[in-house]
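[1] build me a structure from this.
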Amino acid sequence: MTTTSLTGAPAQATHSATDITGKRRIAFASYVDENYLPGFLVLLRSLALTNPSVCEDFVVLYDDLRPGSIAKIRALHPRIVLRRVNDTHYDSYQKGDQDNYLVRKAYFILDVFRMREYDTVITLDTDMVVLGDLGELLKLREGLAAVSQFFYGQHKLNSGLLVIQREYLSDAFCARLDATGRSGDYELDKHDQGILNAVLDGDFIRLDARYNFVKRRLSGDLPVPEDTAILHFTGRHKPWQGGEAGYSLAEEKWREFELGDADFHAAYLASSGGLHHDLVVHYGTPHVARTGDVETARKVAAAHVANGNYQDAVDLLSSVRIPLDEAWPHEVLGHALMSVSRYDEAKAQLLMATAAPNRAATAYSRLAQMAWVHGDNASALKYATSGMSVDITHRPSRLWAQRAAAVPAQEQGTAEDQLAHVAFYMDRQGNAGDKLLPESVRSAFGPDTTSRRWHSVHAHRLFDESALERVNARRGLVIGGGGLFIPDTMPNGNSAWQWNVPDDLMRRIDVPIAVYAVGFNAFDGQSYRAGRFRDSLRLLVEKSSFFGLRNHGSIEKVRGMLPSHLHDKVRFQPCPTTVTRQLVPGWQDPVKRDDTILINAAYDRAGLRFGHDYSYFLAQMAQAVRDLGEQGDVQCVAHSLDDEKIVFDLRREHGISMPVIPMYDFENDEIRDLYARTKLVIGMRGHAGMIPFGCGTPIISLISHPKMAYFLRDIERPEWGVSVHDRHLAARLVERSKDLLRDHAATVADVHGRQQELWKVTEANAADLRAILGG
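    Model (predicted):
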């Protein structure tokens, strides 16, 4: 599917979010047959128990596995990808008995190099057992890495473990493998890696032996070194076949993971450290069904909540009997119930959770949140105060107390002259971009952004009968802007996006509806409760007289969820922050700019932003900050409190200090003024790019979310973005910064030109909106 750029020319079709952000797709891979199945099952258990926070795709290459065997494999890992090997592809190879397991495996493992779905593939032999942390392997980003063969020296690799990067997962490298296989110009030894060694000729990254520690090193029953990460049972005698004399200590390590399902599940759930939510769900669900254990049910439900699967959390915890004095499960169930809008049931669960001092503050803060959602500020303040009385440092209770105690702006106009405005109205010290956004949207409809012309409707409050009455008394309803189409910011079961509106009340809105500059804001790896969201979305589009999304990526995503007859209703409306210079009355560009370069990094949903690459990102940013210091005064601009983390991490890990600008404390005019006066903004948050761009300032986006790539594509400047996963992040940032700063006046003129194209779209839409809404 193609989209249209701001100039009307076809733009490149949107691919997956991972393609857009450059986030590395990582997979493990093994070749498995029936004879080696027992070893592979132990390998899977050992991987989970020694690396409990790791859950990537695991590709199983096979040619003869029975359905029952496949079921056993799937039971041990939630992200199994089955891939039948092409056994006829290797008929033309010149050596070896095709019926010999080692020979077949040597050929079939070459199928790994034919994968195109991943950026990094880690192969593991089925006669391996994982004993230690594999984090360093997951962080590798270049080349082909392996451990050198024990017997044959440094020149040859042992293919039992390979860490293969994108440049080797290519047609060109496969052609080299095929040519060598057909020529017969290789050694086919018992270590099953002759073709690969012949092609590489020693050109691979040497890993420490602890990542492929072969059993033969332990001859004479030597103990396994404590730092061994992967133990490899090379040779003919495998532990599941009776083993071999002289290796009993090594085989004891293997047998530690020869567990039944019940013992394995219990062992994983008892693991210390961070557990991956997908593994908690995969192992914990059958464990709860088998045992009825409440604490495990709580862990699994919390994992569901973290993944946005709130109804699954409700169903699981409802299936067990929670004792009255078990506060934590009651609190998690209450959280899940309120997230699907079963508020009365949630209140009962949370009130029970307040009985335990260690859970009371959180429970009270959730009760305060629910009361606020229902418009009951008095009860919200009471609950929040109770939370602070339990724990005076409890930030959520303090925030809800502040929100509940806030005095709403006195409306000065008359209802028939006002537009109702559904938006996320940010609190003091909240995200600076979200704080500015409602005012920016209103400015697109006229210079008066005050309550004389506008009636505020907070998106996160339940849209009830009284709210409906107030909206229908106005001359129209504007919804936006911002990334309202996101599932986990104040989740609710009424719409499954940020506006907490039941369908029956949306149907009864009888004034014109304009959806304005809203974004589809899902991260890599984040999904919606598809059915509820699609139904609410379709109704919203049907009801809307104007439905404008802020980038073509969002347009494509939303159209994909709608029936075809509604596609044409979805149009492009740039975020009004990107045309600030045209919207702010009396705007004047700065005569002189500060000699500053502002950097912003975001840490909400950090796992989805960075994956395994945060330490790499931090090191690259350290280098970039050093180098950019020659171009200007580099400072951190924090849109929210959490954004300051980069400053602390750079100082701790790399000895670099940066001053912090607390933009979360700024008023809207201060935000615009600062961004208008700086020379360059390098930002990760969406509005750390769009706001300075709208103020006429050059930008470079640190892309960790598709929306910024969408924006840069819309303005036809994709080169103004660099993925946080880029292999040469620091060098690219510095190079592109120098390019933009070299002739700063020309760069600013280019920004103005790109902005003018967005303004043309905004003006054309404004003409339609005047006809729809009047005024």
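[2] who are the packing partners of the one helix or strand residue 389 maps to?
    Assigned by DSSP states H and E, residue 389 belongs to helix 377-390. If you count contacts as 3 or more Cβ pairs under 8 Å, 6 or more residues apart in numbering; DSSP states H and E, helix 377-390 packs onto helix 357-373, helix 395-405. Where you see a C-beta, it was placed from the backbone N, CA and C, and this is true even at glycine.
[3] okay, the angle between it and helix 395-405?
    Computed by axes from the mean of the first three to the mean of the last three Cα atoms, to 10 degrees, the angle separating helix 377-390 from helix 395-405 equals 150 degrees.
[4] quick one: buried residues of helix 377-390?
    Neighbour counts over helix 377-390 (16 or more other Cβ atoms under 10 Å) mark 377, 379, 380, 381, 382, 383, 384, 385, 386, 387, 388, 390 as buried.
[5] hang on, the first one packs against residue 402?
    No. Shown here, residue 377 and residue 402 do not form a contact pair, counting by Cβ atoms under 8 Å, at 11.3 Å.
[6] does the nearest residue to residue 317 once chain neighbours are set aside sit in a helix, a strand or a coil?
    In space, and not counting its chain neighbours, residue 317 is closest to residue 333: 4.3 Å by Cβ to Cβ, 6 or more residues apart in numbering. Recorded secondary structure, residue 333: helix (DSSP: H, G, I helix; E, B strand; the rest coil).
[7] so what's residue 333 up against?
    For residue 333, the contacting residues are 301, 313, 314, 317, 318, 322, 346, 349, by Cβ atoms under 8 Å, 6 or more residues apart in numbering.
[8] what about it, distance to residue 302?
    Separation of residue 333 from residue 302 (Cβ to Cβ, to the nearest Å): 10 Å.
[9] can you list residues touching both of these two?
    Common neighbours of residue 333 and residue 302, using Cβ under 8 Å, 6+ apart, are residue 313.
[10] grab the longest strand from the chain for me.
    When the chain is parsed with DSSP state E, its longest strand is strand 153-165.
[11] which parts of whichever helix or strand comes after that one are buried?
    Counting by DSSP H and E, the element after strand 153-165 in chain order, helix or strand, is helix 171-183. Neighbour-count burial for helix 171-183, counted by 16+ other Cβ under 10 Å, picks out 173, 176, 177, 178, 180, 181.
[12] which one of those residues sits closest to residue 61?
    The nearest member of the buried residues of helix 171-183 to residue 61, counting by Cβ to Cβ, is residue 177 at 15.0 Å.
[13] OK, contacts around the closest one?
    For residue 177, the contacting residues are 110, 113, 195, 196, 199, by Cβ under 8 Å, 6+ apart.
[14] list the contacts of the residue nearest to residue 534 when sequence neighbours are not counted.
    Nearest non-adjacent residue to residue 534, counting by Cβ to Cβ, 6+ apart: residue 561, 5.1 Å away. Neighbour list for residue 561: 530, 533, 534, 537, 538 [criterion: Cβ under 8 Å, 6+ apart].
[15] buried subset of the residues you listed, written for ChimeraX?
    Buried residues within these, by 16+ other Cβ under 10 Å, are selected in ChimeraX with:
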select :533,537
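[16] residue 36: neighbour count?
    Residues lying near residue 36 (other Cβ atoms under 10 Å) number 20.
[17] again, but for residue 640
    Neighbours around residue 640, by other Cβ under 10 Å: 22.
[18] quick one: low-confidence parts of the stretch 501-650 of the chain?
    523-529 (pLDDT under 70).
[19] host element of the residue lying closest to residue 176 once chain neighbours are set aside?
    Nearest residue to residue 176, sequence neighbours excluded (Cβ to Cβ, 6+ apart): residue 199, at 5.1 Å. Using DSSP H and E, residue 199 falls within helix 194-200.
[20] for the protein, what helix or strand is lowest in average pLDDT?
    The weakest-scoring helix or strand in the chain, judged by mean pLDDT, DSSP states H and E, is strand 10-11 (a mean of 36).
[21] correct me, but residue 125 touches residue 235?
    No. Using Cβ under 8 Å, residue 125 is not in contact with residue 235; the gap is 11.9 Å.
[22] and these two? Which one has more around it.
    Legend: neighbour count by other Cβ under 10 Å for residue 125 and residue 235, higher for residue 125 (24 against 13).
[23] how about that one, what does it touch?
    Neighbouring residues of residue 125 by Cβ under 8 Å, 6+ apart: 30, 160, 161, 232.
[24] and if you look at residue 293?
    287, 320.
[25] quick one, phi/psi of residue 518?
    For residue 518, the backbone dihedrals are phi -90, psi 150 (criterion: degrees, to the nearest 10).
[26] look up how far residue 481 lies from it.
    When distance is defined by Cβ to Cβ, residue 518 is 6 Å away from residue 481.
[27] for stretch 125-135, what does the pLDDT average out to?
    For stretch 125-135, mean pLDDT rounds to 96.
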